[in-house]
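> The sequence and its predicted three-dimensional model are supplied below.
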Amino acid sequence: MRKLCTLELFSARRVQSFRRIREEAVANLVASLTAAAAGETSVDLTRMASTVTSAITTRAAFGKAQELTDAANFMVVVDNISDLLGGFRITDLYPSLTFLPALTGLKAKLEKMSKASDSVLDQIIDEHKSRRTRAATTKDDRHGSYKEDLVDVLLNLQEKQVDLGAPPITMEVVKAITLELFLAGIETSATTIEWTMSEMINNSRVLQMAQEEVRQVYGDDASLDQLNYLDMVIAESLRLHPPGPLLLPRENGNQKVELSSYEVPINTKVIVNVWAINRDPRYWKEAERFLPERFMDYSIDYKGTDFQFIPFGAGRRMCPGVSFGMAIVKLTLANLLFHFDWVLPAGQKSIDMTECFGMTLRKQYALHLIPVSYNRVPFE
Ligand code: HEM
């Protein structure tokens, strides 16, 4: 999975090739916010962040020609599965009681959802196959604009039976990977946007500095690289609010492991509490404070080599969508900061930062803010 994602699905070239998709989705967001700003109404930024990340993922995975109803049906299934998988369950606390999933009804619900996901994905894949055949025979996809999407990449690998040193890529694998990209990619990126905006609103000094930087240097996707303060703000937000606070569960198999003074017996499920590491005063000064400047003396690295800071995990299970996700998060935030000033709804003094643990670590309450248009065009 990792090799396939790094080499094929989310290589630097491929992530760059989705630039137009990102820009269009974010432009739609800016247009909706501009309309809300004209009416001086508050917006639900939580919902809007999810709309942007799911629009980008859907377009990148299924392409433009994909029937909208198929994509919408798939999103419904993804949401249902996210709800079912969210958070700790009693079955996680007692993994040795293998009958528990059946008893709690989880197994049956997951099986039902898995069938639903299979059926929508079958339709989407069939549509891709006929589009590919049409393109191959006519050498022209209606408007001559045949663009390879992620499902196409997976189908290419499946058809050519490319050997990536893993089990063969069957149609089941194509469907499983597509589902996993949606489950793992949409909510994590959206929640990062939401927490980062919330922290900035509660820390007006940070908001002002981030806005000044963006308004000075930001003109297009290329200048995103120059937004160093914004990088620190996002890193600090990921430190305090890691979307995957417990990473994916590990198991040590039939090897007994000694860790510090602890002995981990064989076949033990191991949970890594990144949330706690990120707030541990032994590693972080003023650990509970939102202080992006701390990253001035700390090189931000999402490669999972520095165990003090692993918001994308580490090792073989580490997130393969880092660059795809970060490109969405940074572009969206840069635009929110560039085009708008932000005001709290009447009567509200700050953003409530209560957490809610589901599939990802989300805010308990949706983020509502009033956008105020900042009237300047890039490089004016
Ligand atoms: C800011 C956004 C994101 C964050 C913070 C994040 C974080 C994570 C974390 C913590 C893990 C578990 C790693 C581990 O246990 O070592 C993970 C796994 C994963 N992520 Fe992400 N992720 C993000 C965006 C994305 C995106 C955009 C995609 C793809 C579209 C993606 C695809 C995946 C997949 C497929 C896995 C599972 C890997 C496996 O099963 O081995 N992620 N992510």
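Great, that's in hand. Quantities reported herein were computed from a predicted structural model and do not represent experimental measurements.
> Pull up the residues of this protein that are close to the ligand.
1, 57, 180-181, 184-185, 188-189, 192, 243-244, 247-248, 311-314, 317-321, 324-325, 329 (CB under 6 Å from any ligand atom). Backbone N, C-alpha and C define where each C-beta goes, glycine included.
> now with 5 Å?
180-181, 184-185, 188-189, 192, 243-244, 247-248, 312-313, 317-319, 321, 324-325 (CB under 5 Å from any ligand atom).
> Got a quick ChimeraX command for the buried subset of those?
Selection of buried members from the residues of the chain next to the ligand for ChimeraX, criterion 16 or more other CB atoms under 10 Å:
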select :181,184,185,188,189,192,243,244,247,312,313,318,319,321,324,325
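> what number of residues lie near Asp301?
By other CB atoms under 10 Å, 11 other residues sit near Asp301.
> Skip the chain neighbours and tell me the closest residue to it.
Phe309 (7.6 Å; CB to CB, 6 or more residues apart in numbering).
> Let's verify that neighbour: helix, strand, or coil?
Of the three states, Phe309 takes coil under DSSP: H, G, I helix; E, B strand; the rest coil.
> Is it correct that Thr53 is in contact with Thr192?
No: with contact defined as CB atoms under 8 Å, Thr53 does not reach Thr192; the gap is 9.2 Å.
> which residues in the stretch 101-250 of the chain form strands?
250-251 (DSSP state E, counting those that start in this stretch).
> ok, now how distant is the closest residue to the ligand within the stretch 51-200 of the chain from Ile328?
Using CB to the nearest ligand atom, the closest approach of the stretch 51-200 of the chain to the ligand is made by Gly185 at 2.7 Å. Remark: distance between Gly185 and Ile328 (CB to CB, to the nearest Å) = 9 Å.
> Any regions of the stretch 1-150 of the chain where pLDDT drops low?
1, 65-68, 86-104, 139-146 (pLDDT under 70).
> Any idea how many residues pack against Lys363?
18.
> so who does it touch?
Thr46, Thr191, Glu194, Trp195, Ser198, Asp352, Met353, Thr354, Glu355, Cys356 (CB atoms under 8 Å, 6 or more residues apart in numbering).
> same question, Leu29
Met48, Thr51, Val52, Thr332, Asn335.
> so which helix or strand takes in it?
helix 19-38 (DSSP states H and E).
> and the helix or strand that comes right after that helix, how far out from the chain's middle?
Per DSSP H and E, the first helix or strand lying C-terminal to helix 19-38 is strand 43-44. Chain-centre distance of strand 43-44: 20 Å, with CA atoms, centre = their mean, to the nearest Å.
> Strand 43-44 pairs with which strands, parallel or anti?
strand 368-373 (antiparallel) (DSSP bridges).
> buried residues in the partner strand?
Going by 16+ other CB under 10 Å, strand 368-373 has these buried residues: Leu369, Ile370, Pro371.
> Closest one of the contacts of Leu29 to Glu258?
Thr332 (44.2 Å; CB to CB).
> What does the pLDDT read for the residue of the stretch 51-200 of the chain closest to the ligand?
Looking at Gly185, its pLDDT reads 92.
> Quick check: Pro242 vs Ile277, distance?
Pro242 is 9 Å from Ile277, by CB to CB.
> Compare the two (neighbour count), which wins?
Shown here are Pro242 and Ile277; by other CB under 10 Å, Pro242 has more neighbours (26 against 18).
> Excluding sequence neighbours, find me the nearest residue to the more buried one.
Counting by CB to CB, 6+ apart, the residue nearest Pro242 is Pro311, at 4.5 Å.
> and stretch 30-48, which residues are buried?
Those buried within stretch 30-48 under the rule 16+ other CB under 10 Å are Val30, Leu33, Ala36, Ala37, Ser42, Val43, Leu45, Thr46, Met48.
> do the same with stretch 198-215
Quick answer for stretch 198-215 (16+ other CB under 10 Å): 198-203, 206-207, 209-211, 213-214.
> Same list (those residues) but as CSV, adding pLDDT.
Below are those laid out as CSV (pLDDT from 0 to 100):
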residue, pLDDT
Ser198, 98
Glu199, 98
Met200, 98
Ile201, 98
Asn202, 98
Asn203, 98
Val206, 98
Leu207, 98
Met209, 97
Ala210, 97
Gln211, 96
Glu213, 95
Val214, 95
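> can you give me the helices for this structure?
2-3, 12-17, 19-38, 45-62, 68-85, 90-93, 100-104, 106-138, 150-160, 171-202, 204-217, 228-240, 274-278, 322-339 (DSSP state H).
> would a markdown table of those with distance to Gly304 be doable?
A markdown table is the format used below for the helices of the chain (distance: least, CB to CB, whole Å):
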| stretch | distance to Gly304 |
| --- | --- |
| helix 2-3 | 11 |
| helix 12-17 | 18 |
| helix 19-38 | 24 |
| helix 45-62 | 22 |
| helix 68-85 | 23 |
| helix 90-93 | 23 |
| helix 100-104 | 30 |
| helix 106-138 | 29 |
| helix 150-160 | 23 |
| helix 171-202 | 15 |
| helix 204-217 | 26 |
| helix 228-240 | 13 |
| helix 274-278 | 11 |
| helix 322-339 | 9 |
